[in-house]
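Chemist: predicted coordinates and the sequence they were generated for:
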Amino acid sequence: MIDIENNMTANNMYKHSITLPRGTLDLTYKINSATHNNNLEKNDSYQLKDLLGFAQRINPKRAFLFVSKVLGRHIPVAPSTMRHAFTDLANLVPNKLPTPILVIGMAETAVGLSAGVHQALQTRYSQALLLNSTRHAQHDESSDANGANSLLTTFCEDHSHASQHLIYQSSDKVTQEQLLASKTLIMVDDEASTGNTCVNVVTALRNAGLTQLKQVHLTTLVDWSLDQENTNKQTEDAKPARMADRLTGIEFHRHHLLSGAWQWTDAPNPEPITMPSVDTTAAGSQALGHTGNWGRFPTLDSTEGFDKYLSSFQAAFARFNDQESFNDQKIFDVTQLPKRILVLGSNEFVWLPFLLAEWLEAASQKSDSDTDAIVKFSALTRSPIALGGAITTMLSFGDNYGLGMTNFAYNVEPSDWDLIVLCVETSSNSVDDLWQNLDNVLVVSPTL
């Protein structure tokens, strides 16, 4: 059971208390009245209830989880709602930043968010690079003699269920030179709690050759690290020193839709928990198909490969729906789309699936605007979360990467949907029988 209490304090600050089985989470936060692009046009404020729910992690490192309502990861969300959040967040980043600019997203939760922010930023910074961290070891034409891509660096996300991250460099000389010459880093994540991950990322990048960094912009949906002490003193009970003080020689900025601070109090004698084994950066036994470059390697164009991916979906749906005319005339009949569609990305493979969900949402609206058609997006994940609060249902199954670990889908009841489009970057037969045995599931896989 999860209990929630709300109170307003002075200076437009709010207090919010959530009681979880393993303890109590106390929040103090303020609503962000942000502006767009440094002009005076006010953005609609995001309330806490618009952005977050709460749940309990199955993780001894941290017992609670902020569950985003706009990210499309643990709660199915309309693609238009996600796009709105991506753009609003990107619009908080100021103009006239030092270039070259690198936008970097954190696996697995924020790789779609980072691509969305990057795409919105390119209206002002057309040459900004996108690069995501990954937990999947990569192999391609730039592999070394041992068959592995050259890593740029690694870093650790201390509180995560899977703490190790990999960051790859580019095999293209011009792109690699631009990456190393980056002067502005825009780090995108769903939330900031202590700032440790940001500091770890920046330190790793600087040590890997990005020595010209002048500015770091921590860009998050919610920032809970605003109560850090302005001190270099570190004790077991003290908050970490401010990020601005830990990133010497760098100008530090924050951008977020909502901000505040949290405090966690353990319940008396909480029951011990065992976290599933999910902390690996192995490649897995299943080969990854080519789906374009959406950020595992530095890229200017995160939409590379989407046209081909959309065609693959259309052909697969035509076969699934006995729509033979598509194969003959290459015309996709959007009137054949069912009313209730859920698109599921898989782990880090979420950006092209999101673009597909966005296309389906627009196509459904165009085909018959008077219907109650619904398209939502969510994703499979390796993150173990307990039932309760924002997590109402949980499906568990074997991962499709051949890592032998359990994956999860939260708040997904298959019978609620006329069609579930399960998007994977591995072969279709890598998908667990739980999905294979459902009549309303269409698996979309690249050709390997």
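Modeler: Nice, thanks for sending it over.

Chemist: break down the stretch 1-150 of the chain into its strands, ranges please.
Modeler: For the stretch 1-150 of the chain, the strands defined by DSSP state E, counting those that start in this stretch cover 3-8, 13-20, 23-31, 52-56, 64-68, 101-105, 129-132.

Chemist: flag every buried residue along the strand or helix carrying Leu310.
Modeler: Taking DSSP states H and E as the definition, one finds Leu310 inside helix 306-320. Across helix 306-320, burial judged by 16 or more other C-beta atoms under 10 Å covers 306, 309-310, 312-318, 320. Any C-beta I mention is one placed from the backbone N, CA and C, and that applies to glycine too.

Chemist: which two from those residues end up farthest apart in space?
Modeler: Phe306 and Phe320 (20.1 Å; C-beta to C-beta).

Chemist: which helices and strands does the helix holding Leu310 pack with?
Modeler: The contact analysis (3 or more C-beta pairs under 8 Å, 6 or more residues apart in numbering; DSSP states H and E) places helix 306-320 against helix 325-329, helix 351-367, strand 441-444.

Chemist: hmm, 10 Å instead?
Modeler: Judged by 3 or more C-beta pairs under 10 Å, 6 or more residues apart in numbering; DSSP states H and E, the packing partners of helix 306-320 are helix 325-329, helix 351-367, strand 419-423, strand 441-444.

Chemist: ok so, going back, any chance of the strands of the stretch 1-150 of the chain in a markdown table, plus distance to Ser285 and mean neighbour count?
Modeler: Output for those, formatted as a markdown table (distance: least, C-beta to C-beta, whole Å; neighbours: other C-beta atoms under 10 Å):
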| stretch | distance to Ser285 | mean neighbour count |
| --- | --- | --- |
| strand 3-8 | 43 | 11 |
| strand 13-20 | 37 | 18 |
| strand 23-31 | 39 | 18 |
| strand 52-56 | 31 | 23 |
| strand 64-68 | 30 | 22 |
| strand 101-105 | 26 | 26 |
| strand 129-132 | 23 | 26 |
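
Chemist: now those strands as a markdown table including mean pLDDT and distance to Val222?
Modeler: Output for the strands of the stretch 1-150 of the chain, formatted as a markdown table (pLDDT from 0 to 100; distance: least, C-beta to C-beta, whole Å):
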| stretch | mean pLDDT | distance to Val222 |
| --- | --- | --- |
| strand 3-8 | 58 | 16 |
| strand 13-20 | 92 | 12 |
| strand 23-31 | 93 | 8 |
| strand 52-56 | 95 | 6 |
| strand 64-68 | 94 | 7 |
| strand 101-105 | 97 | 16 |
| strand 129-132 | 97 | 20 |
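
Chemist: of the ones you listed, which is nearest Val216?
Modeler: Short answer: strand 101-105, nearest of the strands of the stretch 1-150 of the chain by C-beta to C-beta, at 10.1 Å.

Chemist: assign His255 to helix, strand or coil.
Modeler: Using DSSP: H, G, I helix; E, B strand; the rest coil, the structure places His255 in strand.

Chemist: quick check: the gap between it and Ala107.
Modeler: Computed with C-beta to C-beta, to the nearest Å, the distance linking His255 and Ala107 is 21 Å.
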